[in-house]
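**Q** next input, structure requested:
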Amino acid sequence: MKRSLLLLLLALTVHAAAQPVKVSFCDGMTRISRSGTSPTAQTHTLHAARGEWEPLQIIVTATPEQLKNVELLATGIAKNDSDALLPAPNVFREHYVRVSTSTPMAPLPPGDYPDALVPLDMPAQELGGTSVVNQPYWVDVFVPYTAAPGAYTGEVRFKFADGTSAIASYTLNVWDFDLPVVPKLRTSIMTTVRHVAEVHGLEYKDNTPSLTHMGLLNAYYDLLAEHRLSVDQIYGSYPEADTGKIDEDKVERALRKHLLHRHCSTVGLPIWPKWPFNDPLGQDREAAMNYVAQWMKLLAKIHCESRGYVIMGDLDEPNDAAAYEVVRRWGEFFNEVEKKHGIRVPLHVTEQPTPEKPAWGSLNGAVDIWVPHFSEVWKDMEWAGGSHDIALRRQAGDEVWAYAALVQIPDAWEQQNGMPKKLAHGFPPVWALDYPPMSHRVVGWLFPKVGITGFDYWDTIFAAEGVDVWKDASTFKTPDGATYNGDGSFIYPATEKHQGRHAPVASMRLKWLRETAEDYDYLMLARQLGLEDDARRLTSSFARGFGDWDDNTDALMEARHQLGTLIESAEHRKQTAALQKGGTP
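**A** Coordinates of the predicted model:
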């Protein structure tokens, strides 16, 4: 009996190892399960503008043994009708994390989700057993601003542990227009100096970061910038902690690097209620005002004054009369700086223009950049009982951004939609791992409809105590026992101990935020070219509002393709008209 069982197991092992390797394609908005049916597509076509990143996924279906020590080579992307060659894409191995307890109202079930996009020189996730599994690879294609329009072909070549090999070929069509170098979407993504040190096990006690720490900070800033996102504040622009004095040369270099080299859309002024001045609203008021003016004038010196703003975590989500009064006092302070020094100092506060209780008073005149939660945008602009204060603040000259955090669905929305236990469709977007990818990407299409020009996010490397984000998605937990998978965690911290080096590792969800920022750029280009009606029509094919959108990535991709084609045609007409007038295109 034992001998028969052994022979059966050996036969099964040989059979599994003899399985032919399958290679297939899908887009960047599809998550492939480890053990489910793999896609059938044998090729893939991308469309991208110059200055744009565009992803695809290559899925290898094989046994764990065949997937050990895979050798992979991505070639340069060759133009089909010339010798032109674009750079080889970046390729990452997709790493799965476990959702054990669902996020409240999550439409997707517990299970293993691909999310971390691991560089190929880092250790691969261990795969047990002999059954055939899927291993997706994320392929990030970048189109340089020097690229000629037209069709290109790229290849990714695989060699597997059993000696077999495969070639995956894809097509890239480059449109004849450019995305803006500086993203049009304004963003504020919190990633603090202290927290970077903590997650990488580095020592930091309010002193100057070590060379390793400083290199890591720049790696985080660079990674966000590569995804068309901006960290809220940069360490290099800090004043002296003891005096509040600025080393102008040092700060200017840091601002130049961030705004002129990384091309970030925003940067926040480093100031807190007790730092770098003990009493900035009282006895240190004059010194604090001079500091603010000096810092903002450095932005003006490098012609980036429109990108500066003030963000203070202590003012976030004011929730009573006393908190509202503190915001007003700070608003008066920055208004006084503006008047005395002739500069602009926009105050950013995560709050909707309509106070929860009228008795708290108004923040009008104190706040310059309002940042309501996505659900508050729905309540104000789309709900029948909304006050439309967002539109009123925009008419007054204020900016409006928006933010995501946890699952905050308005009672009115739930009542209108039959009090669902799970959020199946059209809900104010939620950025959790066990929610559809579309929930991340749809916002870039919705923002122009209501005049929103940016978004915030509260952290990129947060994890509840005891949670290993490389294994467990339950990053945020509330005292009442709720779990929010992936909340506050868009970047995976690789460490020297576990991955061989300290580095920030992007997630698929970070890529979706990049894609929505690029979609927003498309929509702004369309507006500049007189195509706003077309853009609205295409958007409405899948997204009509913050509480009314379809989880339909095919419709989004089709709208994006049509919009790109319209932009390219409009740019050609613009160039032709300029040439006919004797000018330059």
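
**Q** just confirm Leu525 contacts Ile567, I think it does.
**A** Yes - under the criterion of Cβ atoms under 8 Å, Leu525 is in contact with Ile567, at a separation of 5.4 Å. Where C-beta positions appear, they are placed from N, C-alpha and C, glycine not excepted.

**Q** find residues that contact each of the two.
**A** Shared contacts of Leu525 and Ile567, defined by Cβ atoms under 8 Å, 6 or more residues apart in numbering, are found at Phe177.

**Q** surely Ser541 meets His561?
**A** No - between Ser541 and His561 there is no contact, the gap being 11.8 Å when judged by Cβ under 8 Å.

**Q** number of nearby residues for Thr164?
**A** Using other Cβ atoms under 10 Å, Thr164 has 12 other residues around it.

**Q** who touches Pro110 in this structure?
**A** Residues near Pro110 by Cβ under 8 Å, 6+ apart: Arg98, Val99, Ser100, Thr101, Ser102, Asp434.

**Q** and of those residues, the nearest to Leu179?
**A** Proximity of these to Leu179 was ranked by Cβ to Cβ; the top entry is Asp434 with 31.2 Å.

**Q** quick one: secondary structure of that closest one?
**A** Asp434 carries the three-state label coil when classified by DSSP: H, G, I helix; E, B strand; the rest coil.

**Q** that one and Ser474, how far apart?
**A** Applying Cβ to Cβ, to the nearest Å, one obtains 10 Å for the distance of Asp434 from Ser474.

**Q** shared neighbours, these two?
**A** Contacts common to Asp434 and Ser474, judged by Cβ under 8 Å, 6+ apart, are Val99, Asn485.

**Q** look at the two and report which has more neighbours.
**A** Relative neighbour count places Ser474 above the other of Asp434 and Ser474, with 24 against 21, counting by other Cβ under 10 Å.

**Q** quick check: the more buried one touching Gly481?
**A** No - contact between Ser474 and Gly481 fails when scored by Cβ under 8 Å: they sit 11.1 Å apart.

**Q** since we're on Lys421, how many residues are nearby?
**A** 8.

**Q** now do the same contact list for it.
**A** Contact partners of Lys421, counting by Cβ under 8 Å, 6+ apart, are Met105.

**Q** pLDDT at it, what is it?
**A** At Lys421 the predicted local confidence, pLDDT, stands at 95.

**Q** I'd say Asp81 and Ala148 touch.
**A** No - under the criterion of Cβ under 8 Å, Asp81 makes no contact with Ala148, lying 9.5 Å away.

**Q** which neighbours do Ser474 and Gly481 share?
**A** With Cβ under 8 Å, 6+ apart as the test, Ser474 and Gly481 reach no residue in common.

**Q** thinking again about what came up before, which of the contacts of Pro110 count as buried?
**A** Applying a neighbour-count criterion of 16 or more other Cβ atoms under 10 Å, the buried members of the contacts of Pro110 are Val99, Thr101, Ser102, Asp434.

**Q** neighbour count for Asp81 and Ala148, which is higher?
**A** For Asp81 and Ala148, the more surrounded residue by other Cβ under 10 Å is Ala148, and the numbers stand at 13 against 10.

**Q** number of residues surrounding the residue nearest to Ala88 when sequence neighbours are not counted?
**A** Counting by Cβ to Cβ, 6 or more residues apart in numbering, Ala74 is the residue found nearest to Ala88 once chain neighbours are left out, at 4.6 Å. The local packing count at Ala74 equals 21, with neighbours defined by other Cβ under 10 Å.

**Q** phi, psi of Ala74?
**A** Ala74 has phi and psi values of phi -100, psi 120 when expressed as degrees, to the nearest 10.

**Q** gap between it and Phe142?
**A** 12 Å.

**Q** now for the two: what residues contact both?
**A** Between them, Ala74 and Phe142 have Pro89, Asn90 as joint contacts when contacts are counted by Cβ under 8 Å, 6+ apart.

**Q** using PDB, list the CA coordinates for stretch 59-68.
**A** Extracted C-alpha coordinates of stretch 59-68, given in PDB (Å, rounded to 0.1, in the frame of the first residue of the first chain):
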ATOM      1  CA  ILE A  59       1.200  36.000 -17.000                       C
ATOM      2  CA  VAL A  60       3.300  32.900 -16.800                       C
ATOM      3  CA  THR A  61       1.400  29.700 -16.000                       C
ATOM      4  CA  ALA A  62       3.700  26.900 -14.800                       C
ATOM      5  CA  THR A  63       4.700  24.700 -11.900                       C
ATOM      6  CA  PRO A  64       6.500  26.200  -8.900                       C
ATOM      7  CA  GLU A  65       9.600  24.200  -9.900                       C
ATOM      8  CA  GLN A  66       9.600  25.700 -13.400                       C
ATOM      9  CA  LEU A  67       9.200  29.200 -11.900                       C
ATOM     10  CA  LYS A  68      12.400  28.900  -9.800                       C
END
